[in-house]
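# Quick one, fold the following:
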Amino acid sequence: MAQLRVVVLWHQHQPFYKDLVTGQYRLPWTRLHALKDYYGMVKLLDEFPQVHQTFNLVPSLITQIQDYVSGEAQDPFLQVASKPAKDLTEQERRFALQYLFQANPVNVIGRYPRYRELWEKFRGAGDSPERAEKYFQTQDLTDLQVLSQIGWFDEYFLAEKDVAELIRKGRNYTLEDQRFIVGKERELLGRVLPVHAEAAKKGLIEISTSPFYHPILPLVCDSQMGAVSSPGLPLPQNRYRHPEDAREQLLRGLDLHEGVFGVRPQGVWPSEGSVSEEALTIAHQLGVQWMATDEGVLGRSLGTNFARDGYGHLDSDGAHRLYTIYRYENSDTRMNLLFRDHSLSDLIGFVYSGMPAQDAANNLMHKIKESAKSMVANGQDAVVSIILDGENAWEYYPHSGREFLRRFYEALQNDPEMEAVTVTEAIERHKNVRHLKALAPGSWINANFNVWIGAPEDNKAWDYLYHARNFYAQAAPGATEKQRKLALEEILIAEGSDWNWWYGPEHHSANDRDFDELYRKHLSNVYQALGGTPPDYLAQPIAGGVARPLFTPQTAYIHPRVSGDMVRYFEWMGAACYTADQRSGAMHGKQFLMDEVFAGINEQYVYGRLDFAGKVPQDAFGVVVNLESWANHAAKPRRELRLDAVVDRGGMQSWKVTEGEDRAVADSTDSRDARVALVRNFEFRLPLTWLLAAPLQIDKVQGPKSSDLLTVRLRLRFSLWQDNLPVDALPVEGWIELELLAEEDLLAVGG
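As a prediction, the model looks like this:
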């Protein structure tokens, strides 16, 4: 009987945040993700011994974890969280307010009522540390220091008795509580690497590696590969070609893993799935047995396209090409290759977080089986590879996605038709290996390198690296061994992919400036380490451009006509607006179908509008708008409504408004005072009375006038569904909030 084997590879990676000269960590994300994700992702497999997986640990991540465990890491973020709140300077208080709220507002901050309360106080000051600082008392800051750390604890750590007791306390934390939680962090971080080693020894997981500082190997070998994968791509002025650095990065990664885990890795996940024939040759010469990348690279190598139907399934020919092991053979180079199913991987990364855990697990199992059905029915073994980041997605799931993973792993383990294996196990058991004579250069993002090279910012960063590398070549012979070692280390760090990830038009985060400054600092350190003076241009930011504001609040009542066929700018002027930030975050591959959403009220109605990112999709889809009305300090919404619209072939087929367990309020056959329309954009109008809501009048002397309608704000969220899956949403996290105030009071609140 043909066997369906599922390979799941979790790629665990954080940039190298440490400045080797000062010893300080510029950002805290290695520590926080090591507390939140890495331990539990492996420990969970103790419950499912038949579910074998591959964990890829980037070497520079390992060294940073070791640095924290040893107590040598100088982390200013941890220092501010550790210092007694009463002793914080004004600058430190503002630093705490700027960084300790950088977490998912729903699944991290929102999980702890006091943390959310403090976050809302910060937001009430316009998200400005300078304005907010005077509103935060010593106890507020202490509670923030403690909860901002607990918020990043792994589910297993949260269940431990001493931590659970601290969580139950909820607020009014003491200096002793603060000291305990900070001390606990080092103990918990110390468990991360051993749990991987233990699981590998049991045979539950395989540990693979990456090039040490996570460089794009093909571009380090030769920056011209950027134009090979994307003909006509603008390239840096200077060609960067250092295959010897690529070899050094890969060799160091293999050596470190052998030293830490006692076994030399069989396989490599190349940074960002980036491969080229030269990179494969280097890996083969170093004894690497397998590498993996994306289906797009395979498609370009074979001259085919992995087209899918409306349900995301490949046709029979595409399945036979993708769901197998390839053996690359060219000249003296041999390499086993796996190509990930892009669609299945992205469902975990971007879609299933918006679904109940059991529904998501059922859907994933169904899609895996459907994808490989034609192969299994034909008597051929299938290898379905699911490969994605092992940390970034979980902030968007309740409880770090553990319930979804449990349901998925349980189904995998109990299904006699499926087998969850490591990459090496898949290679050993697979009989129908396909052969590949040529490999197109590319990454797991669009089968090219355009995220890291080609944009003006990217190219400037490569040119700066080129000049620093040349300075090293000229100055190193006359330097001491210690100077040469430090300077080379800084070059290898600067070759990492993370810096150019944030340059260019693709990605954006609240820490863009920090990444820019740290990259330029690494290059400056090259010159300083060798007794030179850094060029003046390294003092100037590389990054430029400003993203559109994500959210603007309502400032005036609106009275738009609801027709869906034309955007009448002035009719929506004053509405709250939320814009999709297509550059946001560390995850790449999310499907953006929604561009902007608008919401606003007047004396009688609440209005909403959705603008699509392009034309209205022709495939069948649904628009869902969740609406909630809230009274001040209430523990739950006063009323919750859901507006569902069914769209097919670009036109709306029907709509309905329901409450609770699908209790009908109105629909397209009995609309009453509601209006819903879709032509070029989606618009709606609902009576405020349906939400038990009405604007509050504010007396300038006595404050708000009480009424039997106690609601003081509305919350809205738009989402778009295809094939019963939530494929896009705005806001991605949290809600659009509308203050229910008289019109003359809205501008003051919005300002």
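# Keeping just the C-alphas, turn stretch 224-234 into PDB.
The C-alpha trace of stretch 224-234 is given here as PDB (Å, rounded to 0.1, in the frame of the first residue of the first chain):
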ATOM      1  CA  GLN A 224      24.900  38.700  -9.700                       C
ATOM      2  CA  MET A 225      22.500  35.800  -8.800                       C
ATOM      3  CA  GLY A 226      19.900  38.500  -8.100                       C
ATOM      4  CA  ALA A 227      19.600  39.300 -11.800                       C
ATOM      5  CA  VAL A 228      19.800  35.600 -12.800                       C
ATOM      6  CA  SER A 229      16.600  34.900 -10.800                       C
ATOM      7  CA  SER A 230      15.000  38.200 -11.900                       C
ATOM      8  CA  PRO A 231      16.400  39.300 -15.300                       C
ATOM      9  CA  GLY A 232      16.700  43.100 -15.500                       C
ATOM     10  CA  LEU A 233      16.800  43.600 -11.700                       C
ATOM     11  CA  PRO A 234      18.800  46.700 -10.800                       C
END
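# Could you number the chain from 765 rather than 1 from now on?
Understood, numbering begins at 765; the last thing we discussed is stretch 988-998.
# Would you mind listing the outside residues contacting it?
982-983, 999, 1003, 1005, 1040, 1204-1206, 1211-1214, 1216-1218, 1220, 1223 (Cβ atoms under 8 Å, 6 or more residues apart in numbering). For glycine as for every other residue, the C-beta is placed from the backbone atoms N, C-alpha and C.
# what about it, distance to the chain center?
Remark: stretch 988-998 is offset 27 Å from the chain centroid, using Cα atoms, centre = their mean, to the nearest Å.
# Check stretch 1017-1035 too.
That offset, for stretch 1017-1035, works out to 25 Å (Cα atoms, centre = their mean).
# same question, stretch 1372-1379
24 Å.
# And for stretch 1076-1095?
Worked out by Cα atoms, centre = their mean, stretch 1076-1095 lies 28 Å from the chain centre.
# From start to finish, how long is it in a straight line?
37 Å (Cα to Cα, to the nearest Å).
# what do you get for stretch 813-820?
The first-to-last residue distance of stretch 813-820 comes to 19 Å (Cα to Cα).
# What mean pLDDT does that stretch get?
For stretch 813-820, mean pLDDT rounds to 98.
# Now do the buried residues in that stretch.
The neighbour-count check on stretch 813-820 (16 or more other Cβ atoms under 10 Å) flags Val815, His816, Gln817, Thr818, Phe819, Asn820 as buried.
# Quick check: Gln1001 touching Lys1224?
No. Applying Cβ atoms under 8 Å as the test, Gln1001 and Lys1224 come out as separate, 9.2 Å apart.
# Between the two, tell me which one has more neighbours.
Lys1224 (17 against 9; other Cβ atoms under 10 Å).
# Can you check the pLDDT for the more buried one?
Value for Lys1224, per-residue pLDDT: 96.
# before we move on, back to that, out of the buried residues of stretch 813-820, which one sits closest to Glu1259?
Asn820 (18.7 Å; Cβ to Cβ).
# how about that closest one, secondary structure?
Recorded secondary structure, Asn820: strand (DSSP: H, G, I helix; E, B strand; the rest coil).
# and it, how far is that from Trp1033?
4 Å (Cβ to Cβ, to the nearest Å).
# ranges for the helices of the stretch 1215-1364 of the chain?
1220-1239, 1245-1258, 1262-1266, 1276-1293 (DSSP state H, counting those that start in this stretch).
# so how far is the longest one off the chain centroid?
If I follow you right, that is helix 1220-1239. 29 Å.
# if I look at Tyr1283, how far off is Arg1198?
On the measure of Cβ to Cβ, Tyr1283 and Arg1198 end up 40 Å apart.
# returning to that earlier point: just the buried ones among the contacts of stretch 988-998, please.
982-983, 999, 1005, 1040, 1204-1206, 1211-1214, 1216-1218, 1223.
# Among the residues you listed, name the ones in helices.
Counted as lying in helices by DSSP state H, out of those, are Pro982, Leu983, Asn1223.
# Which one's more surrounded, Tyr1283 and Arg1198?
Tyr1283 (25 against 14).
# is Asn1390 in a bridge, and if so with what?
Beta bridges link Asn1390 to Arg1406, Arg1481 when assigned by DSSP bridges.
# That one reaches Arg1481, doesn't it?
Yes. Asn1390 lies in contact with Arg1481 (Cβ under 8 Å); the separation is 4.8 Å.
# Which stretches in the stretch 1015-1164 of the chain count as strands?
With DSSP state E, counting those that start in this stretch, the ranges of strands along the stretch 1015-1164 of the chain come out as 1031-1032, 1054-1058, 1090-1094, 1097-1104, 1146-1153.
# Now mean neighbour count too, for those strands, in CSV please.
Shown next, in CSV, are these (neighbours: other Cβ atoms under 10 Å):
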stretch, mean neighbour count
strand 1031-1032, 26
strand 1054-1058, 25
strand 1090-1094, 16
strand 1097-1104, 22
strand 1146-1153, 24
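# Quick one: closest of those strands to Asn1264.
Nearest of the strands of the stretch 1015-1164 of the chain (Cβ to Cβ): strand 1146-1153, 17.3 Å.
# Tell me the first helix or strand C-terminal of the closest one.
Moving toward the C-terminus from strand 1146-1153, the next helix or strand (DSSP states H and E) is helix 1166-1178.
# Please work out which residues outside stretch 1321-1339 touch it.
1318-1320, 1362-1367, 1371, 1373, 1375, 1416, 1439-1449, 1507, 1510.
# what about burial for those residues, which qualify?
Among the contacts of stretch 1321-1339, the ones that count as buried by 16+ other Cβ under 10 Å are 1318-1319, 1362-1366, 1371, 1373, 1375, 1416, 1439-1442, 1445-1449, 1507, 1510.
# can you tell me which of those residues are in helices?
Glu1507, Leu1510.
# Identify the residue nearest Gly1118 in space, chain neighbours excluded?
Closest residue to Gly1118 apart from its sequence neighbours, by Cβ to Cβ, 6 or more residues apart in numbering: Pro1490 at 3.5 Å.
# Please enumerate residues in contact with the strand or helix carrying the one you found?
Assigning secondary structure by DSSP H and E places Pro1490 in strand 1489-1494. Residues from elsewhere that reach strand 1489-1494 (Cβ under 8 Å, 6+ apart): 1111, 1114-1116, 1118-1119, 1127, 1342, 1344, 1354-1358, 1360-1361, 1374, 1385, 1481-1485.
# Recalculate using a threshold of 6 Å.
With contact meaning Cβ atoms under 6 Å, 6 or more residues apart in numbering, strand 1489-1494 is reached by Val1115, Gly1118, Tyr1342, Ala1344, Gln1355, Leu1357, Met1358, Val1361, Phe1482, Ser1483, Leu1484.
# This completes my enquiry, with thanks.
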